[in-house]
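> Take a look and give me a structure for this.
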Amino acid sequence: MSQDKKPSFGFGSKIAAITPDIAPAPPAPPPEADMVAERHGFVARESEQLLKLREPVNAATAQINVRAEVADLNVFLAWCKAERLSYREAFKRIAVAIRKGAV
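Numbering: from 1, shown residues only. Have a look, this model is predicted:
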């Protein structure tokens, strides 16, 4: 018996022909049922979808970790919050200021 050839028991093609049954989709509840349930205080079980607040960035990105004094980090975080900037956007503003020689 060769080491390269796998043994065949004659039913491989039958097993390969087996396909799983497709389950039918459950029927959607009528809209009236949702309205009645809402009036009685029931909450939908579907998970709420998270809204994307910012557009994704097409440029290449990298991650950094910063060890800084708490007071300095608090100033940075307060500035980001006041300007409604993500940390990435705030860092970009700082990098632009450095390029211009303002810092």
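
> Mind listing residues that contact stretch 29-39?
Residues outside stretch 29-39 that contact it (C-beta atoms under 8 Å, 6 or more residues apart in numbering) are Ala44. C-betas here are computed from N, CA, C, even on glycine.

> quick one: that stretch to chain centroid distance?
Distance of stretch 29-39 from the chain centroid (C-alpha atoms, centre = their mean, to the nearest Å) equals 30 Å.

> what mean pLDDT does it have?
Across stretch 29-39, the average pLDDT comes to 84.

> Helices along this structure, start to end?
12-16, 31-39, 70-83, 87-100 (DSSP state H).

> With distance to Glu48 and mean neighbour count as extra columns, can I get these in a markdown table?
Listed next are the helices of the chain as a markdown table, based on distance: least, C-beta to C-beta, whole Å; neighbours: other C-beta atoms under 10 Å:
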| stretch | distance to Glu48 | mean neighbour count |
| --- | --- | --- |
| helix 12-16 | 43 | 8 |
| helix 31-39 | 15 | 10 |
| helix 70-83 | 25 | 11 |
| helix 87-100 | 25 | 12 |
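
> do you know which of those helices lies nearest Leu50?
Minimum separation from Leu50 across the helices of the chain (C-beta to C-beta) falls at helix 87-100, 18.5 Å.

> Outside of that closest one itself, list whatever touches it.
Helix 87-100 has contacts (C-beta under 8 Å, 6+ apart) with Val57, Thr61, Phe76, Trp79, Cys80, Glu83, Leu85, Val103.

> Leaving out chain neighbours, which residue sits closest to the last one?
This means Val103. Ala97 (4.9 Å; C-beta to C-beta, 6 or more residues apart in numbering).

> Next, work out how far apart the one you found and Phe91 are.
Separation of Ala97 from Phe91 (C-beta to C-beta, to the nearest Å): 11 Å.
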